[in-house]
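take this sequence and fold it.
(2 chains)
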Amino acid sequence: DAGVTQSPTHLIKTRGQQVTLRCSPKSGHDTVSWYQQALGQGPQFIFQYYEEEERQRGNFPDRFSGHQFPNYSSELNVNALWLGDSALYLCASSLAVAGIHNEQFFGPGTRLTVL
Amino acid sequence: AQSVTQPDIHITVSEGASLELRCNYSYGATPYLFWYVQSPGQGLQLLLKYFSGDTLVQGIKGFEAEFKRSQSSFNLRKPSVHWSDAAEYFCAVGTVTGGGNKLTFGTGTQLKVEL
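Now for the predicted structure:
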């Protein structure tokens, strides 16, 4: 079992550019969540995807968008990058069970640097 | 809204000494509580979780945590720390709302182990 995988590992962009990060969930999982972890901070919830739809969103602007594919993998897109978007982006996968907070398994993250 | 407070930003202990990391949460309902560990440049690894039942939960690597509803606390403990325990530790509360669930993290406690 490969666990949660993310690509790329590191990424450098300039202000105003757009970026796409990718995540493959753990085998058997159908739900993907994305978190942003700024330096020295705890992860902050961006959004969660299930059945190819965004079903919960944190306090992030519309510049942050996502997608989930039929194979449950997911992408996080960020438009109009600014310096404050520099962070470690973590993907977590879980198995959806109604009314239950199932354990989320985290990937190693993508380190995004915006210059 | 839910929140998590980890009062100690940095803690230093000697190898072999006992450890307690503090965590206080705010949430209106019965919480799902988690402790994660993050090594430098890595993703998050789950140490233990509390959903219900016995308030003293055992985790991996010899860690345990005690849920105290009256104090809104979920402190992490280890009787004897090993040098390999040096890492950052995050407490999190899991919530289920509508169709989704998310984790809300504290700001973390950086553990240093002196040999």
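
A:F64 against A:I46, yeah?
Yes. With contacts defined as C-beta atoms under 8 Å, A:F64 counts as touching A:I46 at a distance of 5.7 Å. The C-beta positions use only the backbone N, C-alpha and C, and glycine is treated the same way.

the closest residue to A:H101 other than its chain neighbours: helix or strand, and which one exactly?
Closest residue to A:H101 in three dimensions, ignoring its sequence neighbours and counting by C-beta to C-beta, 6 or more residues apart in numbering or on different chains: B:G94, at 3.8 Å. Counting by DSSP states H and E, the element that carries B:G94 is strand B:87-97.

next: A:Y72.
Under DSSP H and E, no helix or strand contains A:Y72.

which bits of chain A sit near chain B?
When proximity is defined by C-beta under 8 Å from any C-beta of the partner chain, chain A lies next to chain B at A:4, A:33, A:35, A:40-45, A:48, A:50, A:55-56, A:58, A:90, A:92, A:94, A:99-109, A:111.

give me the buried subset of those.
Among those, the ones that count as buried by 16 or more other C-beta atoms under 10 Å in any protein chain shown are A:4, A:33, A:35, A:42-45, A:48, A:50, A:55-56, A:58, A:90, A:92, A:94, A:101-102, A:104-109, A:111.

for the helix or strand of chain A with the lowest mean pLDDT, name the packing helices and strands.
Within chain A, judged by mean pLDDT, DSSP states H and E, the helix or strand with the poorest mean is strand A:53-57; its value is a mean of 92. Under the contact criterion of 3 or more C-beta pairs under 8 Å, 6 or more residues apart in numbering or on different chains; DSSP states H and E, the helices and strands touching strand A:53-57 comprise strand A:44-50, strand B:100-105.
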